[in-house]
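Enquirer: below: sequence and its predicted model.
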Amino acid sequence: MDEFLNMGGYGPYIWSSFLIAAIVMTGLALQSWFDLRKQKRLVAELEARSPKKARP
Amino acid sequence: MVPCCPARGGLHQTDMAWSIHTYANPTRFMNFSAIVLPYVWALAGAGIGIGLYLSFFVAPPDYQQGDSVRIMFVHVPSAWLSQFGYGIMVASSIVALIFRHPLADVAAKSAAPIGAVFTFLALVAGGLWGKPMWGTYWVWDARTTSTLVLLFIYLGYMALWATIEDPNRAARVAAVLAIVGAVNLPIIRFSVDWWNTLHQPASVFRLDGPTIHSSLLWPLFVVALGFTFFFLGVFMVRMRAEILRRKVRTLQMQQAAG
């Protein structure tokens, strides 16, 4: 296990590159998804206020 | 006379406009993306999951670089997608300017932050690979510098969208920046041939075939495929949000007008 984590001495470089990629990509996906959810909510609120203009 | 298309006929140009708006109008995109998205995420998850396994348990250490070569599995797909994203932006910007296609500037705007993220990851992973192999995180060689310029163009493009309030005006100004900035793409691609860089020359997409051993090459393709589907998934989510954002804007203006 230690040998695997050590990666022939390159462990810190390898693990940090994969970890940063995972964090940044997850962050991007979540931010995009939260934004989509927010816009959906806003559309629903606005359409509730003026039902006759409802259809996209 | 072949009895074709009785409903429309007419000029070729109206025909084209008809088909563009039929096959890619925002409502159709919303329906289409809702159906496709789960599959895109599944493929992204499978590609990245299997790719990670291959990266650490199947791909052998490089005969010169040892295990540090595994950083390639983050660095290279990110670098590819940094250019893929910009390619989408340029193509969409051209379509937006010429055809006023209703989805084109939505697509261009949505691709930018994803492209910027992958450019950032290519640079960071590149630095983390550079430290053990070159002895430094960063050098101002042609490949790394032109990639940094790509990141700045992405950020400038996003800043334009953020500062101009009217989406139609923002789309036109941003499209011009995207198209002018495209001059950087061949510079990045050929920088390693035109100048004497510390960065290695192309080793996958070469006229005489890849110079990477297949045991490292095919895991790379699996990760890259997973990353590409991830890109497409986020891209569709962002396009959906952008379409709704414009709808919110229209509804707000309608309601403000009474």
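Expert: Everything's here; your move.

Enquirer: please make it C-alpha for all contacts and neighbour counts, starting now.
Expert: Fine.

Enquirer: at which residues are the helices of the stretch 1-150 of chain B located?
Expert: Listed in chain order, the helices found in the stretch 1-150 of chain B under DSSP state H, counting those that start in this stretch are B:12-23, B:26-53, B:72-99, B:104-134, B:142-163.

Enquirer: same question for chain A.
Expert: Ranges of helices within chain A are A:2-6, A:11-49, based on DSSP state H.

Enquirer: okay, those in JSON lines with mean pLDDT and distance to chain B next?
Expert: Compiled in JSON lines, those are given as follows (pLDDT from 0 to 100; distance: least, Cα to the nearest Cα, whole Å):
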{"stretch": "helix A:2-6", "mean pLDDT": "88", "distance to chain B": "9"}
{"stretch": "helix A:11-49", "mean pLDDT": "96", "distance to chain B": "4"}
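
Enquirer: what's the most buried one of these?
Expert: Highest mean neighbour count among the helices of chain A (mean count of other Cα atoms under 10 Å in any protein chain shown): helix A:11-49, with a mean of 17.

Enquirer: ok, back up a step: and the helices of the stretch 1-150 of chain B, which is most packed in?
Expert: Stretch with highest mean neighbour count among the helices of the stretch 1-150 of chain B: helix B:104-134 (a mean of 23; mean count of other Cα under 10 Å).

Enquirer: looking at the helices of chain A, which is closest to B:Ala256?
Expert: For those, the distance to B:Ala256 is smallest for helix A:11-49, at 11.3 Å, taking Cα to Cα.

Enquirer: ok, now which ones touch A:Gly9?
Expert: Contacts for A:Gly9 were tallied using Cα atoms under 8 Å, 6 or more residues apart in numbering or on different chains; there are none.

Enquirer: what sits closest to the residue of the stretch 101-250 of chain B found nearest chain A if chain neighbours are left out?
Expert: Relative to chain A, the nearest point of the stretch 101-250 of chain B is B:Ala241 (4.3 Å; Cα to the nearest Cα). Ranked by Cα to Cα, 6 or more residues apart in numbering or on different chains and with sequence neighbours excluded, the top spatial neighbour of B:Ala241 is A:Leu36, at 4.3 Å.

Enquirer: apart from its neighbours in sequence, what residue is nearest the residue sitting nearest the centre point of chain B?
Expert: Compute the mean C-alpha point of chain B, and by Cα atoms, centre = their mean the closest residue is B:Gly85, 1.6 Å away. Spatial nearest neighbour of B:Gly85, chain neighbours left out: B:Gly115 (4.6 Å); criterion: Cα to Cα, 6+ apart.

Enquirer: B:Gly181 now?
Expert: Spatially, and ignoring its direct neighbours in sequence, B:Gly181 is nearest to B:Ile153 (6.7 Å; Cα to Cα, 6+ apart).
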